[in-house]
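Student: below: sequence and its predicted model.
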Amino acid sequence: MQIYNTKQLKELQEEFKNTFPFLKIEFFSISHEIREGSDEKYLLDNELTVGEVREKNIAGFLSLNEDMPVGVFEKLFESSFELNVQVYRKSHGKWLQTWASDVWTLGEQNNRSRILGDVDRLLAS
């Protein structure tokens, strides 16, 4: 993911979804610790640009690696780019923050969400 000040948060979300189609990321105005959720009242509008939600002008590239634990990915986003991100996966029709399973990799989370989505479709038919 290319990260720079004029890029909108929704563009980062789309890039993430292209790699992990069964997950999503949301951005928050405050940080959180590993294995801790984010309060929805601090959710940022995805129309904002990166530069509008942080103080420093830090540009760079963040690799999306399926073997990276979710908690590490979230902390890397924060420490490298001053962006507070939370990963979500779908479970039985609802988007859930992955804080309870931050030790799972992005690939494991994506697969789990894919499977639960398939189960939900089967149960609906």
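Tutor: In hand now; what should we look at? Residues are numbered from 1 along each chain as shown.

Student: centroid-nearest residue for the chain?
Tutor: The centre of the chain sits closest to Ile25, judged by CA atoms, centre = their mean, with a distance of 2.5 Å.

Student: tell me where the protein has strands.
Tutor: All strands of the chain, identified by DSSP state E, fall at 2-3, 23-28, 60-61, 84-91, 94-97.

Student: not counting its own residues, what contacts the third one?
Tutor: Spelled out, that is strand 60-61. Strand 60-61 is contacted by residues Met1, Gln2, Ile3, Ser80, Phe81 when judged by CB atoms under 8 Å, 6 or more residues apart in numbering. For the C-beta atoms, the positions are set from N, CA and C on the backbone; glycine is no exception.

Student: which residues are in contact with the second one?
Tutor: Taking CB under 8 Å, 6+ apart as the contact definition, Gln2 lies against Glu15, Ala59, Gly60, Phe61.

Student: swap the cut-off to 7 Å and go again
Tutor: Applying CB atoms under 7 Å, 6 or more residues apart in numbering, we find Gln2 in contact with Phe61.

Student: ok, now how distant is it from Leu96?
Tutor: The gap separating Gln2 from Leu96 is 28 Å, by CB to CB, to the nearest Å.

Student: distance check, Ser91 against Ile115.
Tutor: According to CB to CB, Ser91 and Ile115 sit 10 Å apart.

Student: between these two, who's got more neighbours?
Tutor: For Ser91 versus Ile115, neighbours defined as other CB atoms under 10 Å are more numerous around Ser91 (16 against 12).

Student: for beta bridges, what are the partners of that one?
Tutor: Each beta-bridge partner of Ser91 is listed here: Lys94, as defined by DSSP bridges.

Student: surely it meets Leu116?
Tutor: Yes. The criterion here is CB atoms under 7 Å, and Ser91 meets it with Leu116 at 5.1 Å.
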